Structures are given as C-alpha cells and as structure tokens.
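> Predicted coordinates and the sequence they were generated for:
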Amino acid sequence: MIRLILLTDFTEAFAHNLLRGILEYSKGREPWVVCRMPPSYKQANGIPGVLEWAKKWEADAIIAQFDDTDEVELFRQNGIIALAQDFKSRFSVIPNITSRYKQTGQMAADFFLQKGFRNFAFYGYKDVVWSEERCMGFRDRIVEKGFGDCFFEYQKQSLENLWYYESEPVANWIKSLPRPVALMACDDTQGNKIMELCRVLGIKIPEEVAVLGVDNDEIICGLSDPPLSSVNLNIVKGGYEAARLIERLLRDKDAISEDVVIQPVTIVNRLSTDIYATDNPVILTALKYIHQNLVNKISVEDIVRQVPLSRRLLEIRFKQVTGQPIYQYISNLRMERFAQLLLANTEPVADLAVQVGLADAKNLARQFKEWKGCTPVEYRKWNKIK
C-alpha cells in the first residue's frame, strides 16, 4: 500500500484532476491511500508539523504547494518522497509538477491573433513562476508578430490572498485598455474576476474585451457570464505521471527524479472569446461564413459569393486582417477543431474528421503531422492518461 499526502487547495479543479490521474494509475496495482491535507495545516504548524504528522501516519510520499522558504529536504531525510506542485517557484532539490507555461501563453496569443485582434493584455499574479512565464510566452509571441506596442499587463495581485483583491486599481487598468482587446488571464479564477469587473463597468464581453483563462475548470468557466474560454491542460495525465514517478522512486532509491510536465493541449472556445476582432464588415462576413460552414466543403469562390469584392481583393484584405491566406485560415481552424474532438470523444478518427470538413482521410495523417508534429492517433494517445 502506498500512502500519499496531497497538501493543496481543493477548492480548485486542478487538485481533483491530479487525484483522478493518481486514481487511474492505481487501478490494477497495489492500493493507494490519499490524505487530503489543507494548506491551512502547513500555515499553522509549518513544515516540521507536517513532517511530524506524515511520520505518524507512515506516509510514503507528499505532493504539496510548498513555499520557497520551506525546508523540503526534511522529507527526503526522513525517507518520504516529496514532489512540489508549482506554487510560486520551481525547486531544484525535489521534483516539480510543473507545465510548459510559455507554450501556454504562445498558444493563447496565436488563438487571439487568428481572430484578428491587434490589442492584447495579460492579467496575473506577481512573483509567481506560472503566471510570469505564461505572460512571457504570450507577450513574446505578440512582439514577434509586430504588436509589441499594443501589449499591456497587470501583475500586481498577491498569491497569498487568492480570493481578495483591490477592485479599483484593476478596474482602472481595464478602463484604460484600448478596445477591442484580447485579454489572457493567468488562470480561470482571474479570468472570472476580470469578467465580473467588466460587467460592473458596463464593458461588453466579448465585443470590447475578449477573455481567455487557463485550466479549463468547467465550474468556474460555466459560472462565468458569458461562459469563459480556457486553455485546456492535461492535468489528469500529470497526476498519472506523478504517481508513476512516486512508485518508481519507492522501488529504486537511486532512480532519476525528473519533473512531471503537464502539457497544454488545446483551447476550449466559449462565448467569452466568440468574436472576430475586425471593423471591416466584408471580412467579418467572410469569417462568419467560414466558422458556420466549417463542416462543409468550402472553397474560396464560395466565400467570394458572400461579399461584394473580387477574389483577388478579398484575399488581399483577408490576409491583412487575419495574417493568413483564406485557405490556410480554413485549414488551421479545421485542424484545431479536429484536435479538440480527438481528446473530447472516443469516436474513430475518420468520423471526427468528417465533422470538421476533413474528408480526405488519405492525406489526413500527413496534414495533421505537419501541423502538430504527430499523427492524429499519436496525438490522442500521448494526450490521454495512458
């Protein structure tokens, strides 16, 4: 039997998804017992108090939101494996459950750029690795595309008080932003906060401010008004890999204790980003036609028939707004929708491809690999738990 302490904030979906992954790993193996310890216990008793309880409970391992000053090596010295769930900083002396934060920010930037936005903002925590690196990835991609002068950030919120914040400074910052603006929040909780303030200020979402969160916490996203779009992370697989690492370290004390890296998978597009940021009515008509008819076979001529422009002039203006030729925009959109379906459904790959207008099964694997770096089957396999 493996006895694990999970010291984290259970009010968020991250912890529950991590547990789901641990549960999946335990199936068919020796039993796992998990003690769900609240962060308040560490705040009241410190690391020595947590360690004392862990020893009495005969814990084999602990996964925790450790602070930078915590003496995490005490666990190893007492024969207990410790993993750090990224909280403020990464640790060098114990493995971390971390993520590709810069890649998450880049993914968000590409998502908004494809929608035609030219003003961008980031809202997050100060002195927190996962917030700062998501901002860095988001900002770097915006700068790379030539919109660095149109980027704004606000990272003054302290992580210690997750629920509390001074609304007036944040509200003033939101009011100062040019519109329409694409705003990435460091996580869903902060995205929900931005939407709440926008509602109080009478700012329309997504027409004036389009908001994107991270973690795809379905409860937070669903309770937001309108529903919050979010970057979906494969947290369950992270829990699975963390459990596998713990078992390996228990069996072999000399085993390599590498970090567990949670991957950003895709963006779940909900109403908070359901907008095309262009004041060009012709391009807006073209974009709406593409999104509404994605399942059908769409040609450039079909789109030309929807607007009062020649094909050549439409293609020029379309690329000016979206940064992509029409055919490439359609192809990328189909591939992104297809990737979402691969992870959300268990239907055969060919059936899912048809749902987004990818009927050319012969070339599908090659096209997908050029875009994602792997075949659809590999993508589904790598991003599932096992």
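That came in fine, so what should we check first?
> residue contacts, the nearest residue to residue 273 once chain neighbours are set aside?
Among residues not flanking residue 273 along the chain, residue 229 sits closest, at 4.1 Å (Cβ to Cβ, 6 or more residues apart in numbering). No exception for glycine: its C-beta is placed from N, CA and C like everyone else's. Neighbouring residues of residue 229 by Cβ atoms under 8 Å, 6 or more residues apart in numbering: 211, 212, 213, 221, 267, 268, 269, 270, 271, 272, 273, 274.
> What distance do you get for the most far-flung residue of the chain relative to its centre to residue 281?
Using Cα atoms, centre = their mean, the residue of the chain lying farthest from its centre is residue 310. It sits 39.6 Å away. According to Cβ to Cβ, to the nearest Å, residue 310 stands 17 Å off from residue 281.
> now do residue 5
For residue 5, the distance to residue 281 - Cβ to Cβ - is 58 Å.
> quick one: which of these two has more around it?
residue 5 (24 against 10; other Cβ atoms under 10 Å).
> and the helix or strand hosting that one, how far from the chain's centre?
Using DSSP states H and E, residue 5 sits in strand 2-7. Centre-to-centre, strand 2-7 and its host chain are 26 Å apart (Cα atoms, centre = their mean, to the nearest Å).
> What strands line up against it, and which way round?
strand 32-37 (parallel), strand 61-64 (parallel) (DSSP bridges).
> Go through those strands and pick out the most buried.
The densest packing among the strands paired with strand 2-7, expressed as mean neighbour count by mean count of other Cβ atoms under 10 Å, is seen in strand 61-64 with a mean of 25.
> The helix or strand following that strand: which residues count as buried?
Heading C-terminal from strand 61-64, the first helix or strand you meet, by DSSP H and E, is helix 73-77. For helix 73-77, a neighbour-count test (16 or more other Cβ atoms under 10 Å) marks residue 75 as buried.
> how distant is helix 73-77 from the center of its chain?
Mean C-alpha position of helix 73-77 versus that of the full chain (Cα atoms, centre = their mean) differs by 32 Å.
> Residues in contact with it: which ones?
So helix 73-77 is in contact with 47, 48, 51, 54, 62, 81, 82, 93, 94, going by Cβ under 8 Å, 6+ apart.
> how does it look with 10 Å?
5, 47-48, 50-51, 54-55, 59, 61-62, 64, 66, 71, 80-83, 91, 93-94, 249, 253, 257 (Cβ atoms under 10 Å, 6 or more residues apart in numbering).
> got the contact list for residue 262?
Residue 262 neighbours (Cβ under 10 Å, 6+ apart): 14, 17-18, 21, 86, 97-101, 104, 233-239, 241-242.
> if we can go back for a sec, show me the contacts of residue 229 that map onto helices.
Among the contacts of residue 229, DSSP state H puts residue 221 in helices.
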